[in-house]
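**Student:** give me coordinates for this.
(2 chains)
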There are 2 protein chains.
Amino acid sequence: MLANRNSGLPLEALRYDVTPAGLHFLLIHFDVPFVADEAAWRLSVTGCVRRPLDLSVAALREMPQRTLRVTLECAGNGRANVNPRWQTQPWEYGAVGTAEWTGTPLRHVLERAGLTDAARDVAFLGRDRGIDAGREHDFGRSLTPELAMHEDVLLVWAMNGAPLLPQHGFPLRLIVPGWFGMASVKWLDRIEVLDTPFDGYQQVGNYVYRQNKGDAGTPVTHLRVKSLMTPPGMPDWYTRHRIVEAGVHELTGRAWSGNGVPVASVAVGVDGVWNQATLDPPHDVESGKAQSARAYAWRGWRYRWTATPGEHILSCRATDANGDTQPLDPPWDNAGMGNNAAQHVPVTVR
Amino acid sequence: MLANRNSGLPLEALRYDVTPAGLHFLLIHFDVPFVADEAAWRLSVTGCVRRPLDLSVAALREMPQRTLRVTLECAGNGRANVNPRWQTQPWEYGAVGTAEWTGTPLRHVLERAGLTDAARDVAFLGRDRGIDAGREHDFGRSLTPELAMHEDVLLVWAMNGAPLLPQHGFPLRLIVPGWFGMASVKWLDRIEVLDTPFDGYQQVGNYVYRQNKGDAGTPVTHLRVKSLMTPPGMPDWYTRHRIVEAGVHELTGRAWSGNGVPVASVAVGVDGVWNQATLDPPHDVESGKAQSARAYAWRGWRYRWTATPGEHILSCRATDANGDTQPLDPPWDNAGMGNNAAQHVPVTVR
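**Tutor:** Down below sits the predicted model:
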């Protein structure tokens, strides 16, 4: 039931630099709010601020705008490959997508509100409400004031040059580049500046790395280095197993890391023998600006493979500029969070 | 894995007359073909024709255009509620959506080609290729010449006023209004006019009603009368169970039937006690034209419900102008095809 609601990127759509509408992954905890009238939407900013705000989307549009190309990934992507599997959305590989997000840096709004010295945490609450683990709540997450003031954290009203689609947060959402998707709160209703750490369920209960159920654990934050391959050949409908013709194939895919750290290299494995792929030129993170030191969008890679008849396992594995490399096997997490293990694609060459 | 690729309409999106991009259901048998250049696409028309054709999308755009509002539903929608469940895409309710499709009536192309007297079947082959049940094939379906010449069967290049999205068949697809979705072949590559009935797997093997595995069965054709409700209240994340506040609620939903037959009425059940819902005005099937006798798009309905505390089951059940009514329990089919049983939504009112 969850898997029918929450759709992943079909991996053949890794061919697109910017994911087409409707192919970007979706993880929607409760219902998509029905918003008939954007003009009636208000974003409130309250709490430890000198000037509480009540802003329309039109008012936000008059503030300085930026467009950033950002890869978002669900923290639970890969969960289906972690055994035993936590019973929730069973992502395999596809909970990822890349879009160009247009909005105003959150910083401008926070500066207008004026955080007081008591401010310790900035909570973002959406209009999507429901129950999880017995706790009724609006979906909410927080950032420290320092993170919230980062110039790349945006209040967003457009995706790929068009108004946000309902399921992507229309009319207003947060985008926190370099972080897993849960930080980028959709249908943003209010910002509450708190004098204590935000203790919402999605912050301290759900999106947490834990070795064992009941551990306090550590919060899930930014993306981990990862790569995916467009599966070559053609699929079997039910098993999705791939059939490939013998001969030369160009394998392609995408790689990314978190927190703005660029990808340094991608290796492709054929039956466990690894060779370096060629990286495509990086994209500008910001439209019309020269490439920055930060990388928030995935980067293409390609590798020339001569397929010989028989059964083979194709793999890919990225390393980022910090020297972090994907593990070969899923890292253990009780709820299957943050699985950035190398992808393995079994193929039959004929 | 299939459920992550093939996404359903989240039922709260029944609020939209025309399903927003990315919320329309998707059932994609093989891979979404990557089409970099629409200009290079050709539709060939061969077989029992006087003049074989090789048409660009641009050439089709010069032919007479129509825009039809059509509800498409997967023939397997509801399969998850048929026990025992055939092991394939486990749809519950959401494999449905409505769009406005723009294209040229197929008839114009077939008339230009000129069917010969030998023509017995018109096969439509897509560019999506793969293996199902051990049979390698391009996805393909057929219509009899009589059905293919119907003025409402369209060769489509636009959806909701925009070019087709990749996953909806860019750059060219068939739309067969009133039929289950499998007839509306995506990524349409060629039309083969045959002197014998088309025997492709999707025609004679897969989309067939069967009481038992191995039966010859009868082909799946047009939609069956059906209705769905926007679940009221708010959900629990994992179970999707609904929690509703006591008091008056307006229940809303959509109803449709097949083969152009209009919906006549919708009844809403509360704990098995049925009352008539109010139907919204019907939409024009064709943009800019007066309402025709045919109805291809769903129709809204609403019902005022006074919720009292406790556990309740809400249901909806449509009847069409032919007098066909939804069954209360899933009709048996070996592969869970064509389940148009009334929807039942358990809710907790507090």
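
**Student:** switch to C-alpha atoms for all contacts and neighbour counts from now on
**Tutor:** OK.

**Student:** what's the burial count for the residue lying closest to residue A:56 once chain neighbours are set aside?
**Tutor:** Distance criterion Cα to Cα, 6 or more residues apart in numbering or on different chains; nearest residue to residue A:56, sequence neighbours excluded, is residue A:42 at 4.9 Å. Here the neighbour count serves as a burial measure; for residue A:42 (other Cα atoms under 10 Å in any protein chain shown) it reads 19.

**Student:** now residue A:332
**Tutor:** Neighbour count for residue A:332, taken as other Cα under 10 Å: 18.

**Student:** now the one 5 residues further on
**Tutor:** When counting by other Cα under 10 Å, one arrives at 24 neighbours for residue A:337.

**Student:** what does residue A:153 give?
**Tutor:** 21.

**Student:** contacts only, for the closest residue to it other than its chain neighbours.
**Tutor:** Taking Cα to Cα, 6+ apart, and ignoring the residues beside it in sequence, residue A:153 has residue A:176 as its nearest neighbour in space, at 4.9 Å. The contact partners of residue A:176, taken as Cα atoms under 8 Å, 6 or more residues apart in numbering or on different chains, are A:152-154, A:183-184.

**Student:** now for those residues: which two are most distant?
**Tutor:** Comparing all pairs in these by Cα to Cα, the longest separation belongs to A:152 and A:183, at 13.3 Å.

**Student:** of these two, who's got more company?
**Tutor:** When residue A:152 is set against residue A:183 and neighbours are counted by other Cα under 10 Å, the residue ahead is residue A:183, at 26 against 23.

**Student:** excluding its backbone neighbours, what's nearest the closest residue to chain B within the stretch 151-300 of chain A?
**Tutor:** The shortest separation between the stretch 151-300 of chain A and chain B is 4.5 Å, found at residue A:236 (distances taken as Cα to the nearest Cα). If you skip the residues right next to it in sequence, residue A:236 has residue B:131 as its closest partner in space, 4.5 Å away by Cα to Cα, 6+ apart.

**Student:** next one: residue A:156
**Tutor:** Beyond its immediate neighbours in the sequence, the residue positioned closest to residue A:156 (Cα to Cα, 6+ apart) is residue A:103, lying 3.9 Å away.

**Student:** against which helices or strands is the helix or strand encompassing that neighbour packed?
**Tutor:** Take DSSP states H and E as the rule and residue A:103 turns out to sit in strand A:96-105. In terms of contact count using 3 or more Cα pairs under 8 Å, 6 or more residues apart in numbering or on different chains; DSSP states H and E, strand A:96-105 is assigned the packing partners helix A:57-61, strand A:66-73, strand A:154-159.

**Student:** go again with 6 Å.
**Tutor:** Using 3 or more Cα pairs under 6 Å, 6 or more residues apart in numbering or on different chains; DSSP states H and E, the elements in contact with strand A:96-105 are strand A:66-73, strand A:154-159.

**Student:** reformat those strands as CSV; add mean pLDDT, distance to residue B:76 and mean neighbour count.
**Tutor:** CSV is the format used below for those (pLDDT from 0 to 100; distance: least, Cα to Cα, whole Å; neighbours: other Cα atoms under 10 Å in any protein chain shown):
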stretch, mean pLDDT, distance to residue B:76, mean neighbour count
strand A:66-73, 97, 30, 25
strand A:154-159, 98, 32, 26
